[in-house]
Structure formats: structure tokens, C-alpha cells
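*Asks:* Based on what follows, work out the 3D shape:
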Amino acid sequence: SLEDLISDTLVATSSIARAKGVEVKGKLLGPVPLVELSTKDMMRVLRNLVENAIRHTPSDGSVWVEAGSDEHFAFVSVADGCGGIAPQDLDRVFDLAFRGESARTPGNDGGAGVGLAIAKGIVEAHRGQIDVCNESSGCRFTVRIPVNESRASDQR
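*Replies:* As a prediction, this is how the structure comes out:
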């Protein structure tokens, strides 16, 4: 259940959010079907996305985690208030060892540039898709996992 994974992710990241002064909110955009996935691996993906969003959102900002489905995919999106990703970097954020300009500043906030590449590999191993876009005052990462048609019809 993606609902359970999201709930577990929000609990696991709550202390990081609280320490940073960022509010993390979750929302279901309609029913979310069960999907076949590795719970451990997908938890790693969602936790990476939420922790990155918290890290790059200013204090007193918000991170939104939303889930829903369409005809073929269940999806989870993580939107933040990071100010957006430089347009020239959008196509590169999932590249191994790529770190955007803001990540190159010294301090504890920088990573090794492998988290999003690993997330992409995990999502693609689940026959899914991951993408990013700038919107409003930040960016949105969206993970789409195919809905198993036999399971989807069982839930109706």
C-alpha cells in the first residue's frame, strides 16, 4: 500500500522536519490502488525525496506529499519550497554524482549526488517512472508505478 509507505515515510522524516522548522503534509488525491513493489526499496526512494525536499526548503516552509492514481499508474509526488532547480540542471538531477549548484556549498546539507540516481534505478526496476519539474516556489518530484490490472480489478 502506497498509503502505508507514505505514512511510514512521514513518521521517519518527522524529526528532521521538526529540527529544520519545515512542515510536511500528506494528502490522498482519491483512492490509491495496491501496487506490486519492494517495500524496503520504495521506502528508500520516498524517504530520499522527502529528506531532500526538507533539506532544500527554507525554515517555516512546507513540503507536500501527495498520492493518487490514474488509469495505468499509482503515483506519489513530493513538492517543496526550494525555489526551484536551475533549468539547465533539470535534465541532470538523476545523473550519478550530479550535484546542483546549491548543493556545492560547504556544510552538512550537501550529499554525494547518488540519492536521486539510486531512486531512479529503483523506480525503473519497478517498471515505473520518476520525473521532476519546477512549479510555484519550488519543485515537484513524481514517482509513477504501474498498476497491476488484475489487482486493480480485484479492488473495485
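
*Asks:* Quick one: mean pLDDT for stretch 18-25?
*Replies:* Throughout stretch 18-25, pLDDT has a mean value of 95.

*Asks:* Stretch 83-95 now?
*Replies:* 88.

*Asks:* For the protein, name the helix or strand with the lowest mean pLDDT.
*Replies:* Lowest by mean pLDDT, DSSP states H and E among the helices and strands of the chain is helix 149-155, with a mean of 43.

*Asks:* pLDDT below threshold where in the protein?
*Replies:* 97, 99-113, 149-156 (pLDDT under 70).

*Asks:* Show me the helices in this protein, by range?
*Replies:* 2-20, 39-56, 115-125, 149-155 (DSSP state H).

*Asks:* quick one, which of these is packed in tightest?
*Replies:* Ranked by mean neighbour count, those are led by helix 39-56 with a mean of 20 (mean count of other Cβ atoms under 10 Å). No exception for glycine: its C-beta is placed from N, CA and C like everyone else's.
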